[in-house]
Structure formats: C-alpha cells, structure tokens
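Asker: My questions are about this predicted structure, shown below with the sequence.
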Amino acid sequence: MSETPETPPARVPPAQVPPPRVPPPRVRITAPRYDEAGSRPPAGATAADPAGLYIRSLIRSQLRLGIVCAIAFVVVLIAVPLVFALVPGLDTVDVGGVPVSWIVLGAGLFPVLIAVAALYVRTATRNEARYRSLADDA
C-alpha cells in the first residue's frame, strides 16, 4: 500500500485586527449670515418666519424684564449706603441692642431684593407661557 503524503492541516488565518478607528474630521457649523446674492438677510421677521418673530419677541421681553429688574436692584443697593451717608446718626442708634443698619439690611433690604427676584421669576415664566401659547397656535 502506498502511503499518501499527509496534507498539512489547513492554516487558520491569524485574527484580523481591525485598523484603529480614526475620528471623522471636525466640521465647523455656522449660521448663514448672507444670502446667495451676498447681501445680508433682513433683520426683521418675514411673514414666512412666524417662529422667528415669536422668538425675537420673547427675547426682547425677557431682555426688557432683566434690565428693569437689574435697575431696581442697583437702585436699592445704592439707596441704602446713601441713606446711611446722608443720615450719619443712624449708625449709632440701637433698637433692642441691634444697630439700625443691621435692621435695615435684614428687615428692609433683603426682603426687597427677594421680592425683585420673585417678581422676575414670575414675570419671566409668564412671558415664556405666552410664547408657548403663541407658538402652539401658529
């Protein structure tokens, strides 16, 4: 009997190592500032863009509210030192062993500032609710 040469076992290819992942290149995305003709788009809203009109209206109302509250805050903060500067005797007066300046800060200034903050939150929430109702109707 003739012996047939043994065939070597089939080679199993080594495990394929995937190439390292290369992240995609970064892309900068910007809003268009000019139209195709090279001119600036109009600043105001058009009839075709009611959502933009509502958003700009919300931004303006929130800005106006923020400015009014900031002015009120600054006026209150400036008024307190002015009162103590114009009436120097208040610094030496004690009520129940507590200086008047502390009473003005604790019972006068902080409640006013908290009221301004609460008014801001309440009005900002109302502005946003109006925006949502307008946006839902459109």
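Answerer: Yep, it's here.

Asker: rest of the way, CA atoms for contacts and neighbours
Answerer: Fine.

Asker: who touches residue 92 in this structure?
Answerer: Listed by C-alpha atoms under 8 Å, 6 or more residues apart in numbering, the contact set of residue 92 reads 99-100.

Asker: if you set the cut-off to 10 Å instead, what comes out?
Answerer: Shown in contact with residue 92 (C-alpha atoms under 10 Å, 6 or more residues apart in numbering): 99-101.

Asker: Please name the residues that touch residue 125.
Answerer: Applying C-alpha under 10 Å, 6+ apart to residue 125 gives the contacts 62, 119, 131.

Asker: mind listing what's buried in the helix or strand harbouring it?
Answerer: Assessed by DSSP states H and E, residue 125 sits inside helix 110-137. Across helix 110-137, burial judged by 16 or more other C-alpha atoms under 10 Å covers 113, 116, 120, 124, 127-128, 131.

Asker: CSV please, covering the contacts of residue 125 and showing pLDDT and distance to residue 91.
Answerer: Supplementary listing: the contacts of residue 125 in CSV, determined by pLDDT from 0 to 100; distance: C-alpha to C-alpha, whole Å:
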residue, pLDDT, distance to residue 91
62, 93, 39
119, 94, 31
131, 88, 48
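
Asker: Going by residue numbers, what spans are helices in this protein?
Answerer: 50-86, 100-103, 110-137 (DSSP state H).
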